[in-house]
Each structure stands twice: as structure tokens, then as C-alpha cells.
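K.L.:
got a structure for you, letters missing:
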């Protein structure tokens, strides 16, 4: 971080002055831009390329109360070999208590293990619990931690509290990458999405992520657009690149391709890799595989030709 | 090479049934013209699309006579009956939208994304809107008496949409029309003639005469025309005003513009950049209300220009029928020459020219998106309407200076204001001498909203309740 930004986190007031000094976001204009990019027509070779790129960016996720070791092993197997010769996905994303299972299942593969932490999805717990949960997940083998911010603190203007929690969790991560979930569906305005993005990046986020997937709306195209603008602007201000992960509600190949178009025409080539852009999803992978097969053979295969998990 | 290249995604031409030659549409029939036919070309490829008849003054006279005869029948219909025809036309336009959009892009050079997502929805919306007025004229406050025969001359930048702006209110009020489309873009008007037949509109209510300036002059000068409506250049508008002066004909003119798009330091920058791009590169800048002068507050000049250049570099210039094209072809060789001449003048007068690296097709009429920085009010490119994808960037220090500079033009069609401060929007809108002031947006249209200019941008309003006045004997 440059020295000019070092002081902005000194107090709530300083953070407020900085975050509220960012250019506003006009809702009508942002919606219009995202909708226009949604009309891009991606066909034939471009579609084939986009599908494989999207598969390689998937954080294959299972975050259910009913998750078991068996379920996690199953999605790990699918993550390595999605089927039909498709590339493997970027990561699997599980709850902290199942990280060890995933670590065993994915040993020797390049696939990353991501774990949600910090009292996901609400974030309503004390900092020591959040830090302990993070440390445990990392110790069990997580390469990436998906934390949630304290939306209550953010909405009531206690930006310093949000900032301090992120820096504490970041410290607990050690070498693990930190993805900061903004839960944009609870932030209410696009101005807040931009401010929360900057706040997370200032505090050391390696990735900013839209949503937990437990709140609707989740990763809408305008929200992802605004976050892509934020990482683009943050890099040109500080020189540090931060990744983006839309998650929640991305279910179809069309949705995934729209996301890639947003990246392509907003942040550009530097973000078009699994290192800097991820798609948090569960059912999306099978739709990508189905469309991939359709492009290769000209026919749609029935759902039973693709494995459940 | 970019990581993610979009493959070509051309819209199919098959939906359009192009004929090798087209006649005039007079009294419900396609008839031959007496003049020498002319060719209309696809500006993206220079391929000839069709031969089109030229209407001489005799042909125009027949068209006006047909319109006069039809006026008796048409104006005597109850408004609710006229509305039925207009609703029917609007629905047929929606049904045939793809065909019309492809034909518009072929003949005009505009991207299919725009003809499909802007022109055609707006065309249908105008007919629906004025269909709704046809049986409610007594509540509009302009009386209920139509004028008679309207002579309408329209430009090539939005061929079918300008037709809709002219024809829909005229018909709703009970007038009949003789319309002359632009010489370089007559095809969608002729397809519209077919739609009139499909809708079983009584013969003579809509007549379409094609040809060059002489045909338009004959329409305007015809003694039995009661109302003249023209959209086009200020130069031709002046000639028309002279022709019509003292004849008792009612006149509305929608002419050129040199709109200021004013960006304050507290604007939503990303959306302002979109608005600037949309303001000047929409429809290749062939827009009378284009935001061709960017007035940016000096404190954010560098930041805004960097963001603008980054965004302009992503514009996709090329095949108008490709669904991913953002900027299509310039409409004609003549217009291209004008854009080139004014751009060269911009450079020689001392402004700095910038265009992104972009490959232009070899054939056809093309001009890259272009910015001029360091432009002064005294430069020709800040004064004259370029009518192309060329933006002049000027700066200001205070709101008062922004208003002064924005108003310091013989034109006054539109303006844009970008600020997050509501009170400043109102303060600016009160002082800007422009027919439309857009706040935090640009080039937004709705049939319910009147449109028209101050000063050399013309007079009279089209669209909305106000648009009825031009077609009623007030």
C-alpha cells in the first residue's frame, strides 16, 4: 500500500472521509452498462474457450448443514475430473470442519482448498472466535479463507471495526489467501458496494467476493461490475492487484459467460485467469459441462450423462 | 492477442427480402418514379443494395393529390378508428422488428445492437404512444382540427425512427402525409409502406416519395401542403424556412446541435464515462443531440480523460451486422469526407487528436472513435457540428463558467449534466439554453417526452403532448 493510503485507516472518521470521497455510483447508469454487456453474443469458438475458462475458475462449493465427509470427498473427485476431458476446477469450498477431509482427498492435486470462516454466513460472533476458526482451518490445510465482513458494523458507519477484523483475520491466515465476502445483498446501495470493496482491499484482502450465497440478491451483474471497477482502480492507485469472486446465483453457462464478459471489458486480461477471478458455484459446473458437450457434439445429452457430484 | 476473443456473431441477412428496385408509394400502390433511379449502398461494404425511384415534382404532385383526397376520409374517421390503425401498425412493426432492424443496419451502417435494442423499440413505442392520443385529442388542449396534408422530410441518421416521429403524431391528429426519406437510407421507409398496406391503412393516408434534395424541395414547396416538418441540417432548414415563409404553411424544424456534456468533479465517474461514450459514439455520432463537446471540470480532467481513453479503447468498431459491434460505418462517402475535413481542421488549429488502435475494414466508409483534447471555444471543431464519432474536450473551473461555455454556441438542442449534487442539476438546467437537459444520463428518449431545440437547432417540439400541437390547427 502506498503511504498516502496508510493513514486512512487510523479512525472511523478517517475511513469515512476516504470511503465517502470515492466517486459515487449512479444506479441507473451501472445497471444500464451491466445490461448492455449482457447482450454480448458469445458463440462458437469464443463460447468453447469461455466454457473451459469458466470451468477452470469455479470454486466448487458445498455449504450445507447436511454436508458430510462423504459429500465432500465426492465433490473433490468431481473437482479433479469434472468429466468429458474438461479442465479441473480452481478450488473446492467447504465449511471449516471439513477442510481436513478435503485436504486428504485433494492431496497431490493442484486444486486449492477454500474454507469459509468467521461465523459464516452471518459473521455474528466475537473476533477471537473468528480468528480461532480461521487459524484452525488454515492448520487443517485450507489455502484460501472466505471470511464475511460485519455488515452491521459497516452499515452503522463503524468502518474501523470492519477494517480491524479483516486485518486480524488476514494475520491469522498466514500464507493462505484471504477472500473477503461483502454480502452485497445486505449493503443496499451500489455506493456501499464500492466503499466496502475499497475497505476490504485497504485492509489487505487478496480477493473480494460478492456474497455468501445465503442471501438474495447475490452476485448480480452490476454488483460484479462495480467490484471489478474497484479492483481496477485500486491497482492503478496502489499497484496491488486484488481478485474478484462473484458467488451465489450463478447457475447457467450464460451467467458464467456474462461474468467473463464483465471481466474482459472492465478489468481486462490481467484478471482473466483463475488466479484473479473465481466463480463461486455448485450447480453451475454441470451446466458448463453440458454446454461443453453440446458444442463438441452438436447434441444435448440428458442430465444423467453428467455426474451429480 | 487478447485472452478472450469474441468470435464473429453476425445477424442473418436472410430475414430481409431485398428487391433489386423500389418504386414510390403513392395512394396505397407502389409506382414507378419519373426521375432517374438512384442506387442505395451498404455503407459498410459499398455494395449496392437496390435501385430506388426518383420522384419528380410531377410525382410529388400526384402524391400530394392522393394525400389530399385521403384527408377527407381519414380526418372524418372517429379518433378511436384512427387509433386502431396506428395500434395495428405498431404491432406489425414489433412483429417485423428483426427484419426492419437488419434492413436499417444494412442501409444505414449502424450496429445491429442499436437498431435492434434502440431504434425499433422506440419506433414501435412512438406508434403505440400516439395511437393512444388519437381518441383523446379533446383533452390535449390544442383543439381537434387537423391541418391537412403534411410534407415531411427526414434525415438518414435514424431513418425509421424519424419516420415514426413524423408519421405517428400526424396520423393520430387526422392529417395525411407525404414523406421523403433521405437519399442514402430509403429502404426502411419503403418497408414501412408495405406495413401500411398490411395494416390496410386507407390508400393515400401515407405516401412515400424517394429522391434527393430536389424531391424534398418539391414536397416543401408544393402549394397544397399545409404543414412542413423537417429534420436535418441547419443549412437546409434555413432554405426550407425561406421557402415556406409567407405561405401560411405551418413549420417545425429539428436541426443541428453542438451539445455540451458537462462533468463536475463530484460526478459518478464510471457512469459519466459511459454517458460520454454513449453521448458521442452512439450511432457513430450521427446524432443531432450528440454530446459532441465534453466540458470537464479542471480538477478531474486527467483522471477522467484516462478513464475515458481506457473505455474508448474497448469499443468494437466493425461489421454493423455483428451483434457485438459498438460502432458501425459512417453513413456515406460525403459524410466521411466532412468528418475528415473537420478533424484535419481540428489538428491544424492546434487541438490534440487521439484515437485508440483499431483496425478499420478496407472497404466501406469508416472513421475511428476520436477525441480532441486541448480544444478552445474558438476552434472550428468546438463550433461546427461534425456529425461523426469525434469528441472535443474542453475544461471549466466553476459552474457559472460551465453554463457560459455550454450556451456559447448558435445551437441549443441538448445538454448533459453529471454531478451527484441534486441542487446543482436544477441550477444548471435552469440556465442551459437547450431543449433537453439530461442529468446523469445522455441520449435517453421516450415518446412521452417532447424533443426540440433553441436557436439554430430549430423550433417546434416532437414527442409527447407537445408534439400534437404541430399537427393541429391551434
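P.N.:
Alright, I've got the coordinates. This is a predicted model, so every value here is computed, not measured. Residues are numbered from 1 along each chain as shown, chains lettered A, B, ... in the order given.

K.L.:
contacts and neighbour counts: CA atoms only from here.
P.N.:
Will do.

K.L.:
quick check: the residue of chain B nearest chain A.
P.N.:
Of all residues in chain B, residue B:268 sits closest to chain A, with a separation of 4.5 Å (C-alpha to the nearest C-alpha).

K.L.:
what sits against that residue?
P.N.:
By C-alpha atoms under 8 Å, 6 or more residues apart in numbering or on different chains, the residues touching residue B:268 are A:23, A:24, A:25, A:26, B:418, B:419, B:420.

K.L.:
burial of the nearest residue to it once chain neighbours are set aside, as a residue count?
P.N.:
Distance criterion C-alpha to C-alpha, 6 or more residues apart in numbering or on different chains; nearest residue to residue B:268, sequence neighbours excluded, is residue A:24 at 4.5 Å. By the criterion of other C-alpha atoms under 10 Å in any protein chain shown, residue A:24 has 21 neighbours.

K.L.:
helix, strand or coil for residue A:24?
P.N.:
coil (DSSP: H, G, I helix; E, B strand; the rest coil).

K.L.:
which ones are touching it?
P.N.:
Counting by C-alpha under 8 Å, 6+ apart, residue A:24 touches A:191, B:266, B:267, B:268, B:269, B:420.

K.L.:
helices along the stretch 101-250 of chain B, start to end?
P.N.:
Along the stretch 101-250 of chain B, counting by DSSP state H, counting those that start in this stretch, helices occupy B:112-114, B:120-133, B:159-172, B:187-198, B:213-221, B:234-244.

K.L.:
what about stretch B:437-457 and chain A, any contact?
P.N.:
Yes - using C-alpha under 8 Å from any C-alpha of the partner chain, a contact is recorded between stretch B:437-457 and chain A, made by B:440, B:441.

K.L.:
scan chain B for its longest helix.
P.N.:
helix B:57-76 (DSSP state H).

K.L.:
okay, now the unreliable bits of the chain?
P.N.:
Went with chain A since none was named. A:1-4 (pLDDT under 70).

K.L.:
to clarify, I was referring to chain B.
P.N.:
Along chain B, the model assigns pLDDT under 70 to residues B:1.

K.L.:
residues contacting the spatially most central residue of it?
P.N.:
Nearest residue to the geometric centre of chain B (C-alpha atoms, centre = their mean): residue B:158, 4.0 Å. Residues in contact with residue B:158 (C-alpha under 8 Å, 6+ apart) are residue B:119.

K.L.:
from residue B:464, how far out is it?
P.N.:
Using C-alpha to C-alpha, to the nearest Å, we find residue B:158 at a distance of 19 Å from residue B:464.

K.L.:
now residue A:168
P.N.:
59 Å.

K.L.:
go on, residue A:97?
P.N.:
Residue A:97 is 64 Å from residue B:464, where distance means C-alpha to C-alpha.

K.L.:
can you confirm residue A:59 is in a strand?
P.N.:
Yes - under three-state DSSP, residue A:59 sits within a strand.

K.L.:
who's it bridged to?
P.N.:
residue A:91, residue A:280 (DSSP bridges).

K.L.:
list, one by one, the residues from chain A near chain B.
P.N.:
Neighbours of chain B within chain A, by C-alpha under 8 Å from any C-alpha: A:23-26, A:29-30, A:33, A:39-46, A:49-50, A:264-265, A:269, A:272.

K.L.:
ok, longest strand in chain B?
P.N.:
Secondary structure of chain B per DSSP state E: the longest strand is strand B:390-396.

K.L.:
partners of that one in the sheet?
P.N.:
strand B:293-297 (parallel), strand B:370-373 (parallel).

K.L.:
save those as CSV, and put in mean neighbour count and distance to residue B:95 too.
P.N.:
Output for the strands paired with strand B:390-396, formatted as CSV (neighbours: other C-alpha atoms under 10 Å in any protein chain shown; distance: least, C-alpha to C-alpha, whole Å):
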stretch, mean neighbour count, distance to residue B:95
strand B:293-297, 26, 38
strand B:370-373, 22, 37
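
K.L.:
make JSON lines out of these and add distance to residue B:333.
P.N.:
Formatted as JSON lines, the strands paired with strand B:390-396 follow (distance: least, C-alpha to C-alpha, whole Å):
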{"stretch": "strand B:293-297", "distance to residue B:333": "24"}
{"stretch": "strand B:370-373", "distance to residue B:333": "18"}
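
K.L.:
can you count the residues close to residue 120?
P.N.:
As the question left the chain open, I've gone with chain A. Neighbourhood size, residue A:120 [other C-alpha under 10 Å]: 21.

K.L.:
please refer instead to chain B.
P.N.:
23.

K.L.:
next, the contact list for it, please.
P.N.:
Applying C-alpha under 8 Å, 6+ apart, the residues near residue B:120 are B:93, B:94, B:97, B:100, B:101, B:160, B:161.

K.L.:
now those residues in JSON lines, with neighbour count and distance to chain A?
P.N.:
Shown next, in JSON lines, are the contacts of residue B:120 (neighbours: other C-alpha atoms under 10 Å in any protein chain shown; distance: C-alpha to the nearest C-alpha, whole Å):
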{"residue": "B:93", "neighbour count": "21", "distance to chain A": "22"}
{"residue": "B:94", "neighbour count": "17", "distance to chain A": "19"}
{"residue": "B:97", "neighbour count": "19", "distance to chain A": "17"}
{"residue": "B:100", "neighbour count": "25", "distance to chain A": "19"}
{"residue": "B:101", "neighbour count": "27", "distance to chain A": "16"}
{"residue": "B:160", "neighbour count": "29", "distance to chain A": "22"}
{"residue": "B:161", "neighbour count": "24", "distance to chain A": "21"}
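
K.L.:
need the contact list for residue 179.
P.N.:
If you meant another chain, say so; for now it's chain A. A:144, A:145, A:146, A:147, A:205, A:206, A:207, A:208, A:209.

K.L.:
the intended chain is chain B.
P.N.:
Counting by C-alpha under 8 Å, 6+ apart, residue B:179 has contacts B:151, B:152, B:153, B:154, B:163, B:206, B:207, B:208, B:209.

K.L.:
one more pass at 10 Å, please.
P.N.:
Under the criterion of C-alpha atoms under 10 Å, 6 or more residues apart in numbering or on different chains, the contact list for residue B:179 reads B:25, B:60, B:63-64, B:150-154, B:163, B:166-167, B:189, B:206-210, B:216, B:219, B:228-230.

K.L.:
and if you look at residue B:452?
P.N.:
B:252-255, B:289, B:412-414, B:434-436, B:458-463, B:467.

K.L.:
was I right to think residue B:409 contacts residue B:377?
P.N.:
Yes - Residue B:409 is within contact range of residue B:377, at 9.1 Å (criterion: C-alpha atoms under 10 Å).

K.L.:
give me the distance between residue A:10 and residue A:168.
P.N.:
15 Å.

K.L.:
those two - which one has more neighbours?
P.N.:
Neighbour tally, residue A:10 and residue A:168, criterion other C-alpha under 10 Å: the higher count belongs to residue A:168, 17 against 11.

K.L.:
for residue A:233, give me the backbone phi and psi.
P.N.:
Main-chain dihedrals, residue A:233, degrees, to the nearest 10: phi -70, psi -40.
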